[in-house]
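**Student:** Here is my input; please provide its structure:
(one chain, ligands or ions: 1)
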Amino acid sequence: MIICAIITFINILRNLMNSQKFKQLTRSSFDSTEALRAHGIYPTSQRLIIANILLAKHQHMTAEQIYDVIRSKRIKVSQATIYNTLRLFVTKGLLHEIFVDSSKTFYDTNTQPHQHFFNVDTGQLIDIKKHLDPTFIQNELPSATLIDSIDIIVRIRNHSS
Ligand SMILES: [Zn+2]
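**Tutor:** Residues are numbered from 1 along each chain as shown. Coordinates of the predicted model:
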């Protein structure tokens, strides 16, 4: 009986701490609730936590990086929830998914067509500011096909000094 009461008290305390950390995450001017609703996504507390980390500014993050940020703030969100939420955000057009290789997928807050540099030394994905016009590919298409999407990733490395 006493143990149950202690466990309940600990759980209440943990939820309170999570909600306070969540409030700290939501103090930015970015309205994540509105962003989710605008894309037909019901704003659960865990979706809002992920949205606040990822969507408040333009950036590219992996699921692992998001998980690390959440863990560093001592908020409880499972890796499965993060992956499911990211998949939902991509499906609803809130994020663009970029496959760098079989083990690295980035989630890009810029959903407009654009190309990237991937630095193999730092693991960083960077937008190419100048828009590369990929229409030259149009002439090379196999017959009876059309372009569905174009992802250009230019792999770079640091100069060795
Ligand atoms: Zn990008």
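**Student:** What's opposite the most centrally placed residue in the chain in the beta bridge?
**Tutor:** Among the residues of the chain, the one closest to the centroid is residue 107, at 4.1 Å (C-alpha atoms, centre = their mean). For residue 107, the beta-bridge partners under DSSP bridges are residue 61, residue 97.
**Student:** doesn't residue 95 make contact with it?
**Tutor:** Yes - the pair residue 107 and residue 95 passes the contact test of C-beta atoms under 8 Å, sitting 4.7 Å apart. Backbone N, C-alpha and C define where each C-beta goes, glycine included.
**Student:** just to revisit the earlier point, check contacts around the residue nearest to the centre of the chain.
**Tutor:** 54, 60-63, 66, 86, 89-90, 95-98 (C-beta atoms under 8 Å, 6 or more residues apart in numbering).
**Student:** make it 10 Å
**Tutor:** Contact analysis of residue 107 by C-beta atoms under 10 Å, 6 or more residues apart in numbering lists 50, 54-55, 59-63, 65-66, 86-87, 89-90, 94-98.
**Student:** Can you tell me which of those are buried?
**Tutor:** Neighbour-count burial (16 or more other C-beta atoms under 10 Å) applied to the contacts of residue 107 gives 50, 54-55, 59-63, 65-66, 86, 89-90, 94-96, 98.
**Student:** So which bits of this structure are right by the ion?
**Tutor:** Proximity of the chain to the ion, by C-beta under 5 Å from the ion, involves residues 108, 110, 127.
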